[in-house]
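1. test case, fold it:
(chains A and B)
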Amino acid sequence: GQQVMQIPQYQHVQEGEDFTTYCNSSTTLSNIQWYKQRPGGHPVFLIQLVKSGEVKKQKRLTFQFGEAKKNSSLHITATQTTDVGTYFCAGLYNNNDMRFGAGTRLTVKP
Amino acid sequence: NAGVTQTPKFQVLKTGQSMTLQCAQDMNHEYMSWYRQDPGMGLRLIHYSVGAGITDQGEVPNGYNVSRSTTEDFPLRLLSAAPSQTSVYFCASSYSFWTGTNYGYTFGSGTRLTVV
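-> Below is the predicted model of the structure:
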């Protein structure tokens, strides 16, 4: 079935280190969204990627969509304690089915 | 604007009990949906609605009922709670399904449900 695999499940970094989470699908996606969920909170929309090879930046966050539109990544440069939370990708398939990845939980040690 | 409001925030049920999780939005969003979040499984779609009077099943609909009599409200009903329904439930909305897929969904603060 349609499924978005997200890795790693957990990532613990020292403040100032970089962080990357990856999402992969076996079939082509129409687009992919990224959300952030703070501990005890709810998912908050970050960004959407649509085009093959698209790269978008939000301050220290860089989002990429693969050339084949089957994978995506979120990279955070020089993490801060405010980056703590779980990052989810959500892929939209051609049949209008949207599937969330399992999420990557990021913890940052000051 | 309050956004998406979910009640209650916490609930403990006994197996076999029924209850309704409430979701209301004041943004005039046509599209509303219910997700459950379980550790290691991300968010899974239970039911959704593209407008008042229209509902449809998502990925994991069994054990849940929904109705949409008004644009603002989209309650989720558990008719006979089971321990497997222990989860965190989120309601999400957008102007339309396509708006949501392009500009993201607005989530409520969630209901943490425990079934014992």
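
2. need the residues of chain A near chain B, please.
-> Chain A comes close to chain B at residues A:6, A:9, A:30-31, A:33, A:35, A:41-46, A:48, A:88, A:90, A:92, A:96, A:98-103, as judged by CB under 8 Å from any CB of the partner chain. C-beta: built from backbone N, CA, C; applies to glycine.

3. among the residues you listed, which lie within strands?
-> A:6, A:31, A:33, A:35, A:43-46, A:48, A:88, A:90, A:92, A:98-100 (DSSP state E).

4. from these, which is closest to B:Thr106?
-> The closest of those to B:Thr106 turns out to be A:Phe45 (CB to CB; 7.6 Å).

5. and that closest one, what is it in contact with?
-> A:Gln33, A:Trp34, A:Tyr35, B:Tyr103, B:Gly104, B:Tyr105, B:Thr106 (CB atoms under 8 Å, 6 or more residues apart in numbering or on different chains).

6. repeat for B:Tyr31
-> Listed by CB under 8 Å, 6+ apart, the contact partners of B:Tyr31 are B:Tyr48, B:Ser49, B:Val50, B:Gly51, B:Ser93, B:Ser94, B:Tyr95, B:Ser96, B:Phe97, B:Thr99, B:Gly100.

7. tell me the bridge partners for it.
-> For B:Tyr31, the beta-bridge partners under DSSP bridges are B:Ser94.

8. roughly how far does it sit from B:Phe107?
-> 13 Å (CB to CB, to the nearest Å).

9. returning to that earlier point: can you say which of the residues of chain A next to chain B are buried?
-> A:6, A:31, A:33, A:35, A:42-43, A:45-46, A:48, A:88, A:90, A:92, A:98-103 (16 or more other CB atoms under 10 Å in any protein chain shown).
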